[in-house]
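[1] no FASTA, just this:
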């Protein structure tokens, strides 16, 4: 393990584990040997001798008469020498054993630390190989289900989310480039045609300018929608939570859409409802829903808008006539630049971000969004918001 730390002089993790293991083993052995030494010392000095005998020479073995004190002194001196010799030998061999124990502890600790850190080496080497261009690789750590494997699986889950975010970003950038390139190309074509015609009069130039202006407005709507989506998803705008008269928000969106689509048949039923949220974000979401129902409609079609106060939630239902929507494509309508069956290259209907922004606002408010294709064509969208005070 080559990672350095601040503790123990910047030693690697493996050396630190080895040092801890060795210190514990040597300390335990030292305490054990010290205890043995103390017990043997007490045992020897209490008069019970272990392992050593002292031989008296022939001249001192039989003392002269009347010299009993000299005999006792000689015996005591011999006993002291025996005790000192025994304790000295014990101390010597204990020291040798402790040194050997230290060496063995270092070796065994180094081996065990390496074995314990082997999965960490595997995780580190595999993680270094993973980059933005190889996010499909995973650690896939094998072995017992312990803390290290749990960490590796958590890291793999994180990589799954990062890969999904990268792929989503790449798709968004590619699609956004296409969406912006189309109006810019149309704008340039209109201007090139007008400028290349030597007989073009003021009316021709005006028509070319109107076409270019329309395409510029289309590009601007796309950019504005992307900015709104980015701000909502980043949580920049959802900071003004409070009670909102949701029925007034819905009526304002319907009144604005009716002016742009007088030929559609409107069915509106709005109950007084209070919710808690950001009034501006909710107005954008409702406006996108109603505008989406108008844009993706058929001539002489209809739009139905209902707002009901349910049990603990306000339910906004926006339905419209229109082309048939395949059920297996409904889930993709909330993705950026998805317009159902419309050709994204040639369609000028909306920016393809309406339902995406609605989904982001709903997620930000803890609301539910459900899309249901109608049997005769068209779409029904239900937005459920928690009731406010």
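    Alright, I've got the coordinates. In this text, all values refer to a predicted model and were calculated from it rather than measured experimentally.
[2] low-confidence ranges in the stretch 151-300 of the chain?
    168, 171-172, 174-176, 178-179, 225, 229-240 (pLDDT under 70).
[3] rerun that using 80 as the cut-off
    Scanning the stretch 151-300 of the chain for pLDDT under 80 picks out the ranges 164-183, 218-219, 221-241.
[4] Tell me where it has helices.
    Remark: helices assigned in the stretch 151-300 of the chain by DSSP state H, counting those that start in this stretch are 202-234, 246-260, 279-295.
[5] Summarise which helices and strands the longest one is packed against.
    Yep, that's helix 202-234 we're talking about. helix 147-196, helix 354-364 (3 or more CB pairs under 8 Å, 6 or more residues apart in numbering; DSSP states H and E). All C-beta spots, glycine's among them, are computed from the backbone N, C-alpha and C.
[6] How far away from the center of its chain is the first one?
    Remark: helix 147-196 is offset 21 Å from the chain centroid, using CA atoms, centre = their mean, to the nearest Å.
[7] and the angle from that helix to helix 354-364?
    Counting by axes from the mean of the first three to the mean of the last three CA atoms, to 10 degrees, helix 147-196 lies at 150 degrees to helix 354-364.
[8] what's helix 147-196 packed up against?
    helix 68-129, helix 202-234.
[9] With distance to residue 319 and mean neighbour count added, can I get those in JSON lines?
    Formatted as JSON lines, the helices and strands packed on helix 147-196 follow (distance: least, CB to CB, whole Å; neighbours: other CB atoms under 10 Å):
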{"stretch": "helix 68-129", "distance to residue 319": "50", "mean neighbour count": "14"}
{"stretch": "helix 202-234", "distance to residue 319": "23", "mean neighbour count": "15"}
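[10] Including distance to residue 271, could the ones you listed go into CSV?
    Converted to CSV, those look like this (distance: least, CB to CB, whole Å):
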stretch, distance to residue 271
helix 68-129, 55
helix 202-234, 27
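[11] who's in contact with the closest residue to residue 285 other than its chain neighbours?
    Closest residue to residue 285 in three dimensions, ignoring its sequence neighbours and counting by CB to CB, 6 or more residues apart in numbering: residue 361, at 4.1 Å. Neighbouring residues of residue 361 by CB atoms under 8 Å, 6 or more residues apart in numbering: 232, 281-282, 284-285, 367.
[12] before we move on, what about residue 205?
    Counted by CB under 8 Å, 6+ apart, residue 205 has contacts residue 194.
[13] From residue 17, how far off is it?
    Counting by CB to CB, to the nearest Å, the gap between residue 205 and residue 17 amounts to 81 Å.
[14] ok, the most centrally placed residue in the chain to residue 286 distance?
    The chain has residue 158 as the residue nearest its centroid, 5.0 Å off, counting by CA atoms, centre = their mean. Between residue 158 and residue 286 the computed distance is 36 Å (CB to CB).
[15] and what of residue 332?
    22 Å.
[16] higher neighbour count, the two?
    residue 286 (25 against 12; other CB atoms under 10 Å).
[17] wait, that one sits on residue 253?
    Yes - look at residue 286 against residue 253 with CB atoms under 8 Å: they come within range, at 4.5 Å.
[18] buried set for the helix or strand that contains residue 42?
    Here residue 42, judged by DSSP states H and E, is contained in helix 13-45. Residues of helix 13-45 classed as buried: 13-19, 21-22, 25-26, 29, 33, 40, 44 (neighbour count, 16 or more other CB atoms under 10 Å).
[19] What mean pLDDT does that helix get?
    The predicted model gives helix 13-45 an average pLDDT of 81.
[20] circling back: for residue 268, find the nearest of the helices of the stretch 151-300 of the chain.
    helix 246-260 (5.6 Å; CB to CB).
[21] and of the helices of the stretch 151-300 of the chain, who's closest to residue 306?
    Per CB to CB, nearest to residue 306 of those: helix 246-260, 9.1 Å.
[22] Give me the angle between that closest one and helix 279-295.
    Relative orientation of helix 246-260 versus helix 279-295 (the same axes, to 10 degrees): 40 degrees.
[23] about what we covered before: which one (most neighbours) among the contacts of residue 361?
    Highest neighbour count within these: residue 285, with 30 neighbours (other CB under 10 Å).
[24] how far away is residue 387 from residue 315?
    Separation of residue 387 from residue 315 (CB to CB): 10 Å.
[25] Spit out the residues that contact these two alike.
    Common neighbours of residue 387 and residue 315, using CB under 8 Å, 6+ apart, are residue 309.
[26] which of those two has more neighbours?
    Shown here are residue 387 and residue 315; by other CB under 10 Å, residue 315 has more neighbours (18 against 15).
[27] for the more buried one, what are its contacts?
    306-309, 382-384.
[28] Reformat those as JSON lines; add neighbour count.
    As requested, those are arranged in JSON lines below (neighbours: other CB atoms under 10 Å):
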{"residue": "306", "neighbour count": "16"}
{"residue": "307", "neighbour count": "23"}
{"residue": "308", "neighbour count": "13"}
{"residue": "309", "neighbour count": "16"}
{"residue": "382", "neighbour count": "16"}
{"residue": "383", "neighbour count": "25"}
{"residue": "384", "neighbour count": "18"}
